[in-house]
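Colleague: Below are the sequence and a predicted model; questions follow.
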Amino acid sequence: MSKIEFMQGNRACCEGALAAGCNFFGGYPITPSTEVAELMALKLPKAGGTFIQMEDEIASMGAIIGASWTGARSMTATSGPGFSLMMENIGYAVMTETPCVIVNIQRGGPSTGQPTMSAQGDMMQCRFGSHGDMATIAVVPSTVQEMYELTAKAFNLADRFRVPTFVMSDETIGHMRERIIIPDKVDIVPRKPLQEGKLPFEADENGVPGFAKFGSGHRVHVTGLTHDERGYPDTTDPDVHAKLVKRLYNKVESKRHEIADYDAVNTDAETVFVTYGPGARTVRQVLHDHPNEEIGHLNLRIVWPFPEDTLKLFPNAKTFIVPELNLGQMVREVARHTTGEKVVSMPKIGGYIHTPDELYAAVEAEK
Amino acid sequence: MTTRVFEKWYREDRLPHIFCTGCGNGTVMNCAIKAVDMMQWEIDDTVFISGIGCSSRAPGYISTDSLHTTHGRALAFATGVKMANPDLNVVVFTGDGDLSAIGGNHFIHACRRNIDMTVICMNNMIYGMTGGQGSPCTPVGKISTTTPYGATEPVFDLADLAVAAGASHVARWTSYHTKELTKAIETGLATEGLSFIEAMVQCPTAYGRRNKLRQVTDQVEWMRTHAILLQKARRMEQEGKPIPEEHFTVGEFIHRQRPAMGVRR
């Protein structure tokens, strides 16, 4: 029996993680993500898992990678400045194909910025923040319900692709309280173990190697250096580096349409909003207030890898409007993948989300 | 016996190693492997973890699960491994730059938590892999590429730091004192909580070459003649005799029972 509750977004994040089998949390408190750590501290020990408050975000990221190699489903939660600190070890997780989930309850930046206000200023950082070429996966909830579901899904994606996966939420959804239906159970897709006779970094047909969990007898060497299929460092051969990094990139990017998760509403519309996160809520209000208007809505629940084909779901689109809580980040991805349609950026910073009036005025302006 | 231990624990297909001729790291590795073997630890239950630098290449040559992590962060990764699965034996190899500069915060907090693992610091008083820059352990007056007029900053006493931060077992020896070092590591492995073993090592390439210790034996001899047993140093202190310049203490700094984390259930 599923149950209905009224809960905060940050709590839904914890509940979703626990339902997905998260059994290790390493974190450092930072506003507005603190409730995630606090609830994990409360719940994980009782569920047989481990909570540890690390000395900083760099350590938190290191700890969840270490835990992941023992087979744990591990997670951390942070916000802007902490996210920046994690970048080095996020790159390590990419290079070593360590599954883990990083929750970023975004706040206003740069720097300490607006700790208690909402923003979406880290969208490029989760894709390009660490050094080197890499691909990652990022989910973005627009409701408390989605916070639960997408956090759980993030664990499955992380394990399936062996890549750090981000829950790129924000203060609005993190601190919002609303009705949520908690299902009996969520799907759990386990990590594929290393097969007998395979090398620890030898990819399968999907570009993802089997996982050689520590303590299982594989004696795997894990290094952030460029390595061969045995896991041994090989740092000067251009072919070894190119082969490895291209595989790490393609295992995610080549599956972008399988990974994609979105809503497409009024697909015949000429004016289409493209949203991710809280902006979707305002657009839904606009559609509610103007049910007969020909306004389309594409809401992305997964933004990285960017599902560019979803724009083609609106064959009559003349204008894409992209409201976001930054000075225009994902709008560049939309513009990059459109073929002649007008792309309007609707940036908003300062801490509040767009109002229905603002968005409707933008539609009117396009008429 | 030695050959068998070597064959059992090392990855032969990874040799030769990248350590320079005359480097002390191989000696410390051998001492550590001997100690681990004496503990009769199973290869499949043992994990070696390191950060970045010369010392941090050690786990790559050992035939267990191993994690070669980011600069200074080995103890954070090790904390995750040990806390997530206390059944694994965790040993960390690190260097003076890795541990005490960029990794200083992780070091003191791992000691404070007293996590059940053994940390072996190969202190060569220099950044070896990066080409000989000064570290927080480069002695005053010594030449490095970033202290071309002689280091001026006071150094960290890593053993004292570990004691103050709360480690259960702390010892310091050198690559000259192989028996004592092996014994200290073995004691560390058997101790519940965090054991910190500082192993002073010669670095003829990056340190000795610039500091009138050009031959490998020069620096080993320097360590032999400048190491003062802790008991003797304490006696000298009581007698009001100063520790001679450039000398350092060796021995067991502390062995105690403190509440520990990540202990096998």
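Modeller: Thanks, I have the structure now.
Colleague: Could you tell me which residues of the stretch 101-250 of chain A lie near chain B?
Modeller: Residues of the stretch 101-250 of chain A found near chain B (CB under 8 Å from any CB of the partner chain) are A:212, A:214-225, A:232-233. C-beta: built from backbone N, CA, C; applies to glycine.
Colleague: distance between stretch A:89-103 and the chain's centre?
Modeller: Once both centres are worked out by CA atoms, centre = their mean, to the nearest Å, stretch A:89-103 turns out to sit 12 Å from its chain's centre.
Colleague: swap in stretch B:241-253?
Modeller: For stretch B:241-253, the gap between its own C-alpha mean and the chain's C-alpha mean amounts to 18 Å (CA atoms, centre = their mean).
Colleague: For stretch A:149-161, C-alpha coordinates in CSV please.
Modeller: Output for stretch A:149-161, consisting of C-alpha atoms alone and laid out as CSV, is shown next (Å, rounded to 0.1, in the frame of the first residue of the first chain):
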residue,chain,number,x,y,z
GLU,A,149,11.4,9.6,-7.4
LEU,A,150,14.3,11.2,-9.2
THR,A,151,16.7,10.7,-6.2
ALA,A,152,15.8,7.0,-6.3
LYS,A,153,16.3,6.9,-10.0
ALA,A,154,19.7,8.7,-9.7
PHE,A,155,21.0,5.7,-7.7
ASN,A,156,19.9,3.3,-10.5
LEU,A,157,21.5,5.5,-13.2
ALA,A,158,24.7,5.9,-11.2
ASP,A,159,25.0,2.1,-10.9
ARG,A,160,24.0,1.3,-14.4
PHE,A,161,26.4,3.7,-16.0
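Colleague: what's next to it, contact-wise?
Modeller: With contacts defined as CB atoms under 8 Å, 6 or more residues apart in numbering or on different chains, stretch A:149-161 is touched by A:12-13, A:16-17, A:19-22, A:73, A:75, A:99-101, A:103, A:137, A:139-141, A:163-167, A:186-191, A:208, A:251-252, A:255, A:259, A:261, A:301.
Colleague: how near is the closest residue to chain B within the stretch 51-200 of chain A to residue A:190?
Modeller: Among all residues of the stretch 51-200 of chain A, residue A:66 sits closest to chain B, at 2.8 Å; criterion: CB to the nearest CB. Counting by CB to CB, to the nearest Å, the separation of residue A:66 from residue A:190 is 20 Å.
Colleague: okay, those two: which has more neighbours?
Modeller: The residue with more neighbours, out of residue A:66 and residue A:190, is residue A:66; 34 against 12, by other CB atoms under 10 Å in any protein chain shown.
Colleague: ok, the residue nearest to that one when sequence neighbours are not counted - contacts?
Modeller: Nearest-residue entry for residue A:66: residue B:80, 2.8 Å, with adjacent residues in sequence omitted and distances by CB to CB, 6 or more residues apart in numbering or on different chains. Taking CB under 8 Å, 6+ apart as the definition of contact, the neighbours of residue B:80 are A:24, A:26, A:52, A:62-68, A:70, A:74.
Colleague: Could you point out the helix or strand that follows the host helix or strand of residue B:80?
Modeller: Applying DSSP states H and E as the criterion places residue B:80 in helix B:74-84. Once the chain leaves helix B:74-84, the next helix or strand it forms, by DSSP H and E, is strand B:89-95.
Colleague: Could you give the average pLDDT over the helix holding residue B:80?
Modeller: pLDDT averaged over helix B:74-84 equals 98, rounded to a whole number.
Colleague: so residue A:17 makes contact with residue A:75?
Modeller: Yes: checked against CB atoms under 8 Å, the pair residue A:17 and residue A:75 is within contact range at 5.5 Å.
Colleague: if we can go back for a sec, give the PyMOL command for selecting the buried subset of the residues of the stretch 101-250 of chain A next to chain B.
Modeller: Selecting just the buried residues from those in PyMOL takes one command, with 16 or more other CB atoms under 10 Å in any protein chain shown as the test:
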select buried, chain A and resi 212+214+215+218+219+220+221+222+223+224+225+232+233
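Colleague: Name all residues that make contact with the residue of the stretch 51-200 of chain A closest to chain B.
Modeller: Per CB under 8 Å, 6+ apart, neighbours of residue A:66: B:49, B:67, B:76-82, B:84.
Colleague: so where's the stretch 151-265 of chain B uncertain?
Modeller: Regions of the stretch 151-265 of chain B meeting the criterion pLDDT under 70 cover residues B:265.
Colleague: related to what we said a few turns ago, whichever of the contacts of residue B:80 end up buried, select them in PyMOL.
Modeller: Selecting only the buried entries of those in PyMOL, with 16+ other CB under 10 Å as the criterion:
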select buried, chain A and resi 24+26+52+62+63+64+65+66+67+68+70+74
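Colleague: okay, the contacts of residue B:80 in TSV with pLDDT next?
Modeller: TSV is the format used below for the contacts of residue B:80 (pLDDT from 0 to 100):
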residue	pLDDT
A:24	98
A:26	98
A:52	98
A:62	98
A:63	98
A:64	98
A:65	98
A:66	98
A:67	98
A:68	98
A:70	98
A:74	98
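Colleague: Switch the contacts of residue B:80 over to TSV; also include distance to residue A:36 and secondary structure.
Modeller: Putting these into TSV (distance: CB to CB, whole Å; DSSP: H, G, I helix; E, B strand; the rest coil) gives the following:
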residue	distance to residue A:36	secondary structure
A:24	14	strand
A:26	12	strand
A:52	14	strand
A:62	18	helix
A:63	15	helix
A:64	13	helix
A:65	18	helix
A:66	20	helix
A:67	16	helix
A:68	18	helix
A:70	22	coil
A:74	13	strand
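Colleague: before we move on, the earlier item: more crowded one of residue A:17 and residue A:75?
Modeller: A count of neighbours by other CB under 10 Å puts residue A:75 above the other of residue A:17 and residue A:75, at 34 against 30.
Colleague: What about that one? Give its phi and psi, please.
Modeller: Residue A:75 has phi and psi values of phi -150, psi 150 when expressed as degrees, to the nearest 10.
Colleague: Might you report the residue contacts of the residue lying closest to it once chain neighbours are set aside?
Modeller: The spatial neighbour of residue A:75 that comes closest, neighbours along the chain excluded (CB to CB, 6+ apart), is residue A:101 at 4.3 Å. Under the criterion of CB under 8 Å, 6+ apart, the neighbours of residue A:101 are A:17, A:22, A:73-76, A:151, A:154-155, A:158, A:164-167.
Colleague: Where does residue A:101 sit: helix, strand or coil?
Modeller: Following DSSP: H, G, I helix; E, B strand; the rest coil, residue A:101 is assigned to strand.
Colleague: Roughly how far does it sit from residue A:165?
Modeller: Counting by CB to CB, the gap between residue A:101 and residue A:165 amounts to 5 Å.
Colleague: ok, back up a step: so of the contacts of stretch A:149-161, which ones are in strands?
Modeller: For the contacts of stretch A:149-161, the ones inside strands are A:75, A:100-101, A:103, A:137, A:139, A:164-167, with DSSP state E as the criterion.
Colleague: among the residues you listed, which ones are buried?
Modeller: Burial of the ones in strands among the contacts of stretch A:149-161 was assessed by neighbour count (16+ other CB under 10 Å); the buried members are A:75, A:100-101, A:103, A:137, A:139, A:164-167.
Colleague: Return the set of buried residues in stretch A:264-280.
Modeller: Neighbour counts over stretch A:264-280 (16+ other CB under 10 Å) mark A:265-266, A:269-280 as buried.
Colleague: how much space between the residue nearest to residue A:66 and residue A:110?
Modeller: When distances are taken as CB to CB, residue B:80 and residue A:110 turn out to be 29 Å apart.
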